[in-house]
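[1] pasting the sequence and the predicted model now:
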Amino acid sequence: MDHPTQPLILYPADPGYEDELAGFQTGFTLRPAVIYGVRSADDVIAAVRYAAARDLPVGVQATGHGLPGGSEGGVLITTRRMDGVRVDPEARTVRVRAGARWARVVAAAEPHGLAPLNGSAPGVGAVSYTLGGGLGILAREFGYAADHVRGLDLVTADGRLRRVTRESEPELYWALLGAGHVLGVVTELEIGLVPVRTLYGGSLAFDGREVDPTALLRAYEEWTRTVPDELTSSFAAVPYPDIPALPPHLRGRYVLSVRVAFTGSEAEGEQLIAPLRKFGPVLADSLREMPYSESHTIHSDPPQPHAYYGDSVVVSELDVARVGEVLSLAGPDAPGMCVVQVNHLGGALARPAPNSVPYREGRFLVRLLAVGERKAVRERLDPAFALLAPHTLGRTVNFAFGAGDRTEGLYGAETRKRLAGIKSSYDPANLFRR
């Protein structure tokens with residue numbers, strides 16, 4: 001257990017309360033009754049015991065990319081001060097504390113020729129990402145980040161700190177990796193690293209007003225059937241606003257892009273991408289061999305906090321005609337900005353693993369992210385998701401952008417039943433809520 005420390009405790013009238021709440025998601029706010037800014041596992045235990053004694057719900061926030069709605073009127077534990085990272089190069093593992101961001105993990109692993117299975121945005125919290133599965137930029141080769149977790153330090157609703165491994169508590173281990181947000185507070189996890197120093201990656205972009213979006217999507221879907229597991233990719237359609245903050249080649253354009261991460265050689269990568277280069281005039285091309293530390297440039301996710309809402313579905317097949325209709329609904333003529341992203345799944349993602357990450361049989365993940373008031377966004381996106389319903393397997397918890405209060409479809413029936421049993425054993429009072 002950590003040495004005793006004094007957590008930062010804030011109430012709504014206190015100076016610093018609003019600053020402590022601030023995070024990446026600015027579209028909606030939380031009003032917890034009390035905030036515990038924790039520095040150690042002891043602080044987390046104190047916060048959980050405080051909440052349990054008063055029958056208050058508990059939520060956890062690291063970076064604020066996803067906000068824990070369950071903490072409204074209850075206790076919010078902010079973990080940003082617990083950002084330590086320790087690499088064991090011999091074991092090829094890293095210990096990541098509750099508030100560490102992926103950028104810090106990547107930087108710690110790089111000198112050893114190793115890489116974590118992080119996502120596209122370096123500012124995302126590593127622990128919360130992994131508890132939701134963790135669909136990373138090398139996912140088709142190595143699987144979900146959750147598949148590589150060796151152990152977790154967890155504070156459960158009884159205020160006890162547990163070391164959870166597959167051997168010590170197999171049921172809790174299974175549940176945490178896929179649904180851990182509602183089972184306790186993970187103060188640290190130990191996760192495997194992969195021996196990747198460099199990759200071939202980047203983005204190939206087209207002008208969506210010069211190239212037919214549905215035709216390009218069809219070409220992309222056909223192309224994914226030919227690539228090896230060592231290549232992970234996504235298709236994106238983004239209508240950029242005409243504002244000075246953007247590079248000139250993006251301002252006011254409807255950009256269609258294919259993002260690629262491939263662990264083979266540059267020459268092999270060039271051969272694999274060649275069919276897409278022939279599709280039409282290229283607006284921008286950033287494909288190159290790069291050190292893994294530059295892998296965040298593949299997607300170039302916006303680093304500035306902003307408001308966003310949306311959802312996602314895993315589909316068994318990519319019905320290009322139906323997704324083409326989604327592109328039309330969400331295109332540059334839509335009433336508000338909407339981003340469509342299609343992630344190619346399969347490969348190692350389809351392999352069974354001892355965790356609760358669902359829908360491994362899915363071939364693609366379709367994500368819709370929009371800007372605007374939440375109710376209005378739902379009214380715009382619901383018809384789009386309805387189009388995808390015939391092939392929809394379910395939703396993903398990590399990409400329920402502001403829709404995390406809707407739990408239907410996040411897990412299949414058998415997984416839901418098993419999770420409910422584990423939840424009732426470790427948190428019978430439902431202290432931890434989504």
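    Great, that's in hand.

[2] who's in contact with residue 144?
    Contacts for residue 144 (Cβ atoms under 8 Å, 6 or more residues apart in numbering) come out as 117, 133-136, 349, 353, 355, 357. Every residue, glycine included, has its C-beta placed from N, CA and C.

[3] as TSV, the residues you listed with secondary structure, pLDDT and distance to residue 420 would be great.
    Shown next, in TSV, are the contacts of residue 144 (DSSP: H, G, I helix; E, B strand; the rest coil; pLDDT from 0 to 100; distance: Cβ to Cβ, whole Å):
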residue	secondary structure	pLDDT	distance to residue 420
117	coil	98	28
133	coil	97	19
134	coil	97	23
135	coil	97	24
136	coil	96	28
349	helix	98	25
353	coil	96	21
355	coil	98	17
357	coil	98	17
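
[4] please, where are all the strands along the stretch 301-434 of the chain?
    Ranges of strands in the stretch 301-434 of the chain, per DSSP state E, counting those that start in this stretch, are 309-315, 338-344, 364-370, 392-394.

[5] switch the ones you listed over to JSON lines; also include mean neighbour count and mean pLDDT.
    Output for the strands of the stretch 301-434 of the chain, formatted as JSON lines (neighbours: other Cβ atoms under 10 Å; pLDDT from 0 to 100):
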{"stretch": "strand 309-315", "mean neighbour count": "24", "mean pLDDT": "94"}
{"stretch": "strand 338-344", "mean neighbour count": "23", "mean pLDDT": "97"}
{"stretch": "strand 364-370", "mean neighbour count": "23", "mean pLDDT": "96"}
{"stretch": "strand 392-394", "mean neighbour count": "18", "mean pLDDT": "98"}
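
[6] turn the contacts of residue 144 into CSV, including neighbour count and distance to residue 409.
    Formatted as CSV, the contacts of residue 144 follow (neighbours: other Cβ atoms under 10 Å; distance: Cβ to Cβ, whole Å):
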residue, neighbour count, distance to residue 409
117, 28, 25
133, 27, 15
134, 29, 19
135, 27, 17
136, 26, 22
349, 28, 18
353, 18, 21
355, 21, 18
357, 25, 14
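
[7] list the buried residues for the helix or strand of the chain with the lowest mean pLDDT?
    Here the helix or strand of the chain ranked lowest by mean pLDDT, DSSP states H and E is helix 374-388, holding a mean of 90. Neighbour-count burial for helix 374-388 flags 377-378, 380-381, 384-385, 387-388 (criterion: 16 or more other Cβ atoms under 10 Å).

[8] by contact count, what packs against it?
    Here helix 374-388 touches strand 309-315, helix 320-329, strand 364-370, going by 3 or more Cβ pairs under 8 Å, 6 or more residues apart in numbering; DSSP states H and E.

[9] hmm, 10 Å instead?
    strand 309-315, helix 320-329, strand 338-344, strand 364-370 (3 or more Cβ pairs under 10 Å, 6 or more residues apart in numbering; DSSP states H and E).

[10] quick one on the thing from earlier: with respect to residue 329, which of the contacts of residue 144 is nearest?
    Nearest to residue 329 among the contacts of residue 144: residue 135, at 24.1 Å, using Cβ to Cβ.

[11] measure that closest one to residue 208 for me?
    25 Å (Cβ to Cβ, to the nearest Å).

[12] try residue 182
    Residue 182 is 39 Å from residue 208, by Cβ to Cβ.

[13] and the two? Which one has more around it.
    residue 182 (24 against 21; other Cβ atoms under 10 Å).

[14] what about the closest residue to the more buried one other than its chain neighbours, how many residues nearby?
    Excluding its sequence neighbours, the residue lying closest to residue 182 (Cβ to Cβ, 6 or more residues apart in numbering) is residue 432, at 4.9 Å. The burial count assigned to residue 432 is 25, neighbours taken as other Cβ under 10 Å.
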